[in-house]
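Q: my questions are about this predicted structure, shown below with the sequence.
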Amino acid sequence: MRKILMVLSVVLIISLAAVGCGKNDGGAKENSADQSNVVATVNGVDITWEQLNARVDRMEASTGHQGANLTEEQQKRLREGLEKEALNQLITEQLIMQEAKKRGITVDEGKAQEHLNQIKSQFPSEEEFQKGLEQYKLTEQALIDYFKYQLIEDALFKAVTKDVTVTEQELKDYFEQNKDNLVQMKVRHILIEAREGQATEEEKQQARAKAEELIKELENGADFAELAKENSDGPTSVNGGLIDQYITAKGSGFVQEFVDAAFQLEEGEFSKEPVKTDYGYHIIKAVEKLDTFEELKDKIEAKLIDQAKNDAFEAFYNELKEKAEITKNL
């Protein structure tokens with residue numbers, strides 16, 4: 001059950017950003033809600049306390065604060081903070097929905113249902129799925145509304161940013177300024193385990209000696225992948241020691257000693273001395289090294305265009321918000 005709800009929480013916590021947007025269609029027509037029940041108005045469209053409270057209840061359920069060991073004053077402050085966050089979300093959604101409607105952007109509701117079906121498929125039964133919805137104070141319709149909103153927001157994003165590009169010179173400048181952090185490598189490695197804090201000094205010495213013996217075999221022409229399969233204590237041994245992702249000098253999630261040693265190698269080379277980390281002793285082989293502009297251009301372009309589009313959409317949204325008539329009663 002814990003694993004099931006973890007799956008649900010990852011998906012549904014994200015969904016809190018838009019659940020409830022289906023209360024209206026984003027039109028600019030005045031709502032008929034009792035004004036004492038209105039917490040905010042966006043270009044003439046009311047956001048009610050019911051909408052806000054429902055959003056906050058879901059946020060509390062998703063973050064696990066509901067029923068937590070907090071004092072009454074702490075609960076009050078937490079609720080107030082969530083109310084402000086939730087109201088900002090609802091206002092953002094209204095602005096996006098209104099702009100999308102102006103542009104004639106519509107959604108295929110069948111796709112929203114497909115997304116819901118994909119979520120359901122992650123659960124062993126309909127009953128377990130419904131239990132998860134109940135725990136997070138959600139309904140199937142709320143999820144469908146969320147997916148519809150996501151589709152609309154994505155379509156608006158594409159419409160706003162469709163002409164965003166970067167120049168060849170911008171790509172080259174970025175490469176020159178960030179070369180050290182852009183280089184990417186794929187490596188194989190053999191781990192002779194001797195974990196820090198667990199292995200004795202004798203076991204560490206034995207592990208290093210074994211690594212040194214394997215290096216000698218490599219120098220005599222042994223196949224690295226075969227040696228990894230036969231000798232490595234790491235989980236990649238079944239793949240001949242291949243780490244099936246590119247690593248970078250920073251931010252790859254690997255221990256720094258391993259990364260530093262890997263980046264001293266040229267493509268095809270292997271480490272001539274065992275590389276010590278908290279896991280034991282490694283022998284590393286550089287399988288592929290991408291370090292030229294031509295090799296990295298596509299990755300740089302994708303990164304810069306993505307960044308430029310996000311910046312363009314943020315500027316667009318800020319302008320949209322600045323021109324909007326927004327009143328808050330919170």
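A: Arrived safely, thanks for sending.
Q: does Thr165 belong to a helix, a strand or coil?
A: Put simply, Thr165 is coil when judged by DSSP: H, G, I helix; E, B strand; the rest coil.
Q: was I right about Leu265 contacting Lys285?
A: Yes. Leu265 is within contact range of Lys285, at 7.4 Å (criterion: C-beta atoms under 8 Å). Using the backbone N, CA and C atoms, a C-beta is placed for each residue, glycine as well.
Q: overlap in contacts, these two.
A: Val187, Ser271 (C-beta atoms under 8 Å, 6 or more residues apart in numbering).
Q: who's more crowded, these two?
A: Lys285 (24 against 18; other C-beta atoms under 10 Å).
Q: let me know the pLDDT of the nearest residue to that one once chain neighbours are set aside.
A: Distance criterion C-beta to C-beta, 6 or more residues apart in numbering; nearest residue to Lys285, sequence neighbours excluded, is Phe270 at 4.0 Å. For Phe270, the model assigns a pLDDT of 97.
Q: didn't Phe270 look like it was pressed against Ile284?
A: Yes. At 6.5 Å, Phe270 counts as touching Ile284 under the criterion of C-beta under 8 Å.
Q: roughly how far does the residue nearest to Lys285 sit from Asp223?
A: Note on Phe270: its distance to Asp223, by C-beta to C-beta, to the nearest Å, is 11 Å.
Q: likewise Lys323?
A: Computed with C-beta to C-beta, the distance linking Lys323 and Asp223 is 66 Å.
Q: more neighbours, Phe270 and Ile284?
A: Ranked by neighbour count (other C-beta under 10 Å), Phe270 and Ile284 place Ile284 first, with 26 against 18.
Q: helix, strand or coil for the more buried one?
A: Assigned by three-state DSSP, the conformation of Ile284 is strand.
Q: go ahead and confirm it touches Ser271.
A: Yes. Between Ile284 and Ser271 there is a contact under C-beta under 8 Å: 4.8 Å.
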